[in-house]
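> Sequence first, then the predicted structure, then my questions.
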Amino acid sequence: MSNEEGSSSHAVSQQGNPSFSICFTCIYTLLPFMFLSISEIHEEEREPILPKTVKILLDFVDRREDKDKFSSIFEVPRRLRQVNPSSFTPRVVSIGPLHKGRENLKLMEDKKAIFLHELLTGVGGSREETLKKCDEKVRRSVEKIRRCYIGMKPYSEDELVQMMVMDACFILQFIDNLSKSGDQHSENRLRSRSVALDLVLLENQIPFFVLRDIYELTFKTLESKPSLNTMLLNLLERVNPFFEKLKLEDLSGEEAPYHILGFLHDFYQIKNSKPPGIEELPRAHSAVELHEVGVRFRPNENETPKENRTWIMAMAFEQSSHKPTLRMPKVLIDNFFEVAIRNLIAYEQYSTPVRNYVTSYAMAMDMLAATPADIARLGKSGVIVNHLGSNEKASNMISSICKDVTFLDLYYIESWNEAKKYYDSYWSKNIGVLKRKYFSTPWKAIALLAGIILFLIAVVQFVFRVTKFTSLR
C-alpha cells in the first residue's frame, strides 16, 4: 500500500470514528467562549478609567489621611482676604513660592545673597561643602515640600531647592543679625519689625522642617549659637501683640510646627485643653455695659500670680461682693496687631488639625470692644494700649477682623456665663440704672447731690418747726 493510500485510509478511519467527531464539535463550540473568558479576565485586571474630577477628589482624601501630606501653606481664601488684602501680602520680603517674583519685593530678593554670604562666612569651613550638604538635604525632601503648598506655580526641582535653601538661610541670618544689632536706631527697629511681620504671613512661609534642616547644617555646628527655638523666639517677640512675654516653657513640644506662623500659634495654645463645644453664641455684653453694673477691667500682667496664668490670652471673671473684675491680657492695638491676628485666624479657619484659640480671642474682643466708648473704657483700665490714633479706628478694626469668620469655639465660655449671670442679677441692674440716670455725667451727679442737700435742709426745717410749735403749746 502506498503512503497516499495509507494517509487517505487513516483520515477516512478518523472521520468515521464517532468519538473523534464529538470531541471536535465540543472544541469548536467552546472556543469562542474560552477567548471571551480570557478577555473578561484581562478586562477585570485592567485599572478602571476614572474621570479627572474623581481622581482629584481621591487625591484630596489621600492627602488628608496622611498628616505629613497636610498642605499647611496656602493662599488665603477670598472671603477673608477681601476684607483687608494688605494684611496677607508681604511688604518687604517674599518667602517661599506663593509671592515669588513680585515687583515690589525684588530689592530684598537681591539682598538675600548678602545674607547668604554672611551666613556662610560666619559658619566657616568650605562654602561649597556647606551649600552642597544643604542642597542634598533639601533635594531629598522635594516631594514632601511640594505637598506642603496649595496653589504653587510649577517649579523645577532645581528652582525649588534653590529657593528653599536661599530663603532658609536668609531667615536664619536675619534673626542672627537681630540679636547682634539690638535695634538701637528707630529706623532699624521699624525695618526689622516689618521684615519680622512678613515672616509670619500665612502665604509667606517655608516648611518648618526645611528651616530646621538648614539650621542643623549651619548654625548648629557653632557652639556659640542658640537653639532654633530660641532664635525664633527672638523674632516672634517683635510681632507678639501681647505685653506678656512669650516663653518656650509654654510650648507643648508634642509635635513640630508646620512653619513659623504655626510656631507663633503654638505659644497661644492652652495646654491639655479640649474644645468647649458650645451650641450657640452667648449673649454679649460690651465693656461699657459691664462697667455700668460695677464690673472692673484689669490686665493679667503683674497682678495675677504667675502660677495662675496658664494661658497668655486668658480671661477670667472674678466675682466679689464689692468689686467684680474681668481680667484680660494687656494688648497693643496697632497695624501689626491686625496683621498678626488676621493671619493666625486664617491659619486656624482653614487648617483642620489646628484649634481656634486666636479666633476665640478675637470674637471675645469683638463682643467687649464694640464701640469707641468700649475702647476708651478698656484703655482707661489699662487693658488696651491704642496706637491707631482714635478709639473709632480701633473699634472698627476689631469688628472687621471678625468679619466673615466662622465661629467655632469660645474658650471663655465659663467666664462669659459668670459675667452674664452677674449682669442679669437684681442688684447689678439697679446699680446700672442708678449710674445711667444720675452719675453718667459730672453735672448729673452735682444735681443729684444738690437735690439731696435741699431735701435734707427741708427735712431739718420741717422738724424744727414741728418742735417749735410743740414747745409753744
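Arrived safely. Numbering: from 1, shown residues only.
> How many residues are close by P353?
11 (other Cβ atoms under 10 Å). Where C-beta positions appear, they are placed from N, C-alpha and C, glycine not excepted.
> heads up, I number from 436, so please use that
With the count now opening at 436, the last piece we talked about shows up as P788.
> Which phi and psi values does it adopt?
The phi/psi pair for P788 (degrees, to the nearest 10) reads phi -80, psi 0.
> Let me see the confidence value for it.
P788 is assigned 80 on the pLDDT scale.
> cool, and the one 5 residues further on?
pLDDT, the model's per-residue confidence, is 96 for V793.
> isn't F509 right up against L636?
No: using Cβ atoms under 8 Å, F509 makes no contact with L636, being 11.9 Å away.
> higher neighbour count, the two?
Higher neighbour count among F509 and L636: L636, with 26 against 19, using other Cβ under 10 Å.
> burial measure for the closest residue in space to V774 that isn't next to it in sequence, as a count.
Counting by Cβ to Cβ, 6 or more residues apart in numbering, S522 is the residue found nearest to V774 once chain neighbours are left out, at 4.8 Å. Counted by other Cβ under 10 Å, the residues lying close to S522 total 22.
> Equivalent analysis for H720, please.
There are 22 residues near H720, going by other Cβ under 10 Å.
> Over to the one 3 residues further on?
For V723, the tally of surrounding residues (other Cβ under 10 Å) stands at 17.
> Any buried residues in stretch 625-641, and which?
Within stretch 625-641, the residues that count as buried by 16 or more other Cβ atoms under 10 Å are 627, 629-641.
> Tell me the one of these nearest I747?
Taking Cβ to Cβ as the measure, I747 sits nearest to V635 out of the buried residues of stretch 625-641, at 15.9 Å.
> Grab the nearest non-local neighbour of the residue nearest the centre of the chain.
A centroid search over the chain (Cα atoms, centre = their mean) returns L779, at 2.8 Å, as the residue closest to the centre. The spatially closest residue to L779, leaving aside those adjacent along the chain, is V793, at 4.1 Å (Cβ to Cβ, 6+ apart).
> residues touching that neighbour, list them.
Residues near V793 by Cβ atoms under 8 Å, 6 or more residues apart in numbering: 700, 703, 748, 776, 779-780, 783.
> The closest residue to A805 other than its chain neighbours and A854: what is the separation?
Spatially, and ignoring its direct neighbours in sequence, A805 is nearest to S721 (4.9 Å; Cβ to Cβ, 6+ apart). For S721, the distance to A854 equals 11 Å [Cβ to Cβ, to the nearest Å].
> Pick out whichever of these two has more residues nearby.
Neighbours per residue (other Cβ under 10 Å) separate S721 from A854, with A854 holding more: 25 against 18.
> Can you pull out the low-pLDDT segments for the stretch 436-585 of the chain?
Residue ranges of the stretch 436-585 of the chain with pLDDT under 70: 436-485, 487, 490-491, 493-505.
> which residues in it form strands?
508-509, 584-585 (DSSP state E, counting those that start in this stretch).
> got it, and the stretch 736-885 of the chain?
Going by DSSP E, counting those that start in this stretch, the stretch 736-885 of the chain shows strands at 751-753, 760-763, 766-768, 819-821.
> Please dump the ones you listed into CSV; it should also carry mean pLDDT and mean neighbour count for every row.
Below are the strands of the stretch 736-885 of the chain laid out as CSV (pLDDT from 0 to 100; neighbours: other Cβ atoms under 10 Å):
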stretch, mean pLDDT, mean neighbour count
strand 751-753, 91, 18
strand 760-763, 94, 23
strand 766-768, 96, 20
strand 819-821, 96, 21
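> do you know which of those strands lies nearest N539?
strand 766-768 (26.7 Å).
> Which elements pack onto that closest one?
For strand 766-768, the packing partners by 3 or more Cβ pairs under 8 Å, 6 or more residues apart in numbering; DSSP states H and E come out as strand 819-821, helix 826-836.
> Quickly note the distance from the closest residue to D570 other than its chain neighbours to R562.
Once flanking residues are discounted, D570 sits nearest to V596: 6.0 Å by Cβ to Cβ, 6+ apart. From V596 over to R562 the distance is 17 Å, taken as Cβ to Cβ.
> who's more crowded, those two?
V596 (22 against 14).
> so which helix or strand takes in the more buried one?
V596 is part of helix 592-616, with elements assigned from DSSP states H and E.
> Buried residues in that helix, which are they?
Here helix 592-616 shows 595-596, 598-611, 613 as buried, counting by 16+ other Cβ under 10 Å.
> just checking, what packs against that helix?
So helix 592-616, by 3+ Cβ pairs under 8 Å, 6+ apart, packs with helix 541-558, helix 562-574, helix 577-582, helix 621-633, helix 643-652, helix 663-671.
> ok, and what's touching it?
With Cβ under 8 Å, 6+ apart, helix 592-616 has contacts from 528, 530-532, 535, 547, 550-551, 553-554, 557, 566, 569-570, 573-574, 577, 580-581, 590, 623, 627, 630-631, 634, 641, 645-646, 648-650, 653-654, 660, 666-667, 669-670, 673, 695.
> Out of those residues, which end up buried?
Among those, the ones that count as buried (16+ other Cβ under 10 Å) are 528, 530-532, 535, 547, 550-551, 553-554, 566, 569, 573, 577, 580, 590, 627, 630-631, 634, 641, 645-646, 648-650, 653-654, 660, 666-667, 670, 673, 695.
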